[in-house]
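*Asks:* predicted structure and sequence below. I'll ask about it afterward.
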Amino acid sequence: MLPRQEPTILYTQAVPELPEVETIANGVDRRLRGDTIVSAWFSTYKEPFRTPPAEMAESLAGLRIARVYRVGKHIVVDLERARSGHRPSSPNREATPPDAQSQLLVHLGMTGRLLVSAARLPLPPHTHAVLHLASGRELRFVDPRRFGRLALHSVDAGLFTGPGREPLTISTDDFVALFRGRKLSIKAALLNQSLLHGVGNIYADESLFRAKIRPTRRAGRLPRPRLLRLRQALQTVLKSAIRAGGSSVSDYVDADGQAGFFQIQHRVYAREGQPCLVCGTPIRRIVLAGRGTHFCPQCQT
DNA sequence: AGAAGGACCTGCACGC
DNA sequence: TGCGTGCAGGTCCTTC
């Protein structure tokens, strides 16, 4: 067991996509479930906050963290009104507590990090939010590039469900229907969070490679069997990345963030010019949908 | 309405 | 050594 006073950095080297966000959410859940927010502090930099900081700070104080989980690329913190009589948390309860009254949504953007830290430790640069907890710890949101976002979601209108469909659980028919009639490239479609949420640039490239589909193909013109292959490839790569990250991030404790997320072996991403692992043809890189896009010109048609 | 492209933002790699 | 430049990408916004 690691010293309690050391900061835990729930951290990833890569831009957080679905597997990284899932791992981080699980890590926060394991540590903070049942803890209570005493007060909250937000930096004066307003942009990251979809909800005004003053309103957020007032709403958060006194709420207990009931559960932390992932929806798309969002980390969702279920919050309930803390009661005076302490109720022991039941470890097996998976369903959202019926008395969850609001949800804190955290989007890490590209460089956002969550730290579970002892309060006495100095705030790192680019800290934009701190939740002071009854246990004496703090949950800190650090984001140098400021693409991350925080918001409060009221459950009056229902639990947060994200902008699109969940790639790991979507049915075959629904998956195929997502792309019907779409004129944009399959790569751009995969990145569109209002269709599937959670897929970013890296896993889009990797899943298209495994499905042997060229990223430039029009989404609406891919026949059903190829789309089913893509769904299978996407789920396989996401699940293996979750497995790879699950063990390392959760127990990772270090102040300088040197180790961190165990990265799965990329087959095409950031491998421009290197030989395809299947056929040896040099991997090509183009810009598509404004993003660096990597593929094998031989294997992917 | 759907698609495309730019803006946002900072750290880092690179070239001179 | 040090400075300037370009690049990376998730999401929002504007334009077409």
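*Replies:* That came through fine.
*Asks:* got any ranges where the stretch 51-200 of chain A has weak pLDDT?
*Replies:* Counting by pLDDT under 70, the stretch 51-200 of chain A contains low-confidence residues at A:83-100.
*Asks:* what's near enough to touch the one residue in it that gets nearest to DNA strand B?
*Replies:* Closest residue of the stretch 51-200 of chain A to DNA strand B, C-beta to the nearest atom of the strand: A:Leu184 (3.4 Å). Glycine gets a C-beta too; all of them are placed from N, C-alpha and C. By C-beta atoms under 8 Å, 6 or more residues apart in numbering, A:Leu184 lies in contact with A:Asn192, A:Arg218, A:Ala219, A:Ala289.
*Asks:* and those as a markdown table, adding secondary structure and neighbour count?
*Replies:* Listed next are those as a markdown table, based on DSSP: H, G, I helix; E, B strand; the rest coil; neighbours: other C-beta atoms under 10 Å:
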| residue | secondary structure | neighbour count |
| --- | --- | --- |
| A:Asn192 | coil | 18 |
| A:Arg218 | strand | 14 |
| A:Ala219 | helix | 23 |
| A:Ala289 | coil | 17 |
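*Asks:* what's the farthest-apart pair in the residues you listed?
*Replies:* A:Asn192 and A:Arg218 (13.8 Å; C-beta to C-beta).
*Asks:* ranges for the strands of chain A?
*Replies:* For chain A, the strands defined by DSSP state E occupy A:8-10, A:37-42, A:63-71, A:74-81, A:100-107, A:113-118, A:127-133, A:137-142, A:149-154, A:284-288, A:291-295.
*Asks:* DNA strand C is nearest to which of these?
*Replies:* strand A:291-295 (3.3 Å).
*Asks:* near DNA strand B, anything from the closest one?
*Replies:* No. Contact of strand A:291-295 with DNA strand B (C-beta under 7 Å from any atom of the strand) is absent, the minimum separation being 9.3 Å.
*Asks:* which residue ranges form the helices in chain A?
*Replies:* A:18-32, A:53-60, A:172-179, A:186-191, A:201-210, A:224-250 (DSSP state H).
*Asks:* give me the mean pLDDT for the longest one.
*Replies:* In this case it means helix A:224-250. Confidence over helix A:224-250 (mean pLDDT, whole number) is 84.
*Asks:* can that helix be said to contact DNA strand B?
*Replies:* No. Residues of helix A:224-250 are not located near DNA strand B by C-beta under 7 Å from any atom of the strand, the shortest gap being 14.9 Å.
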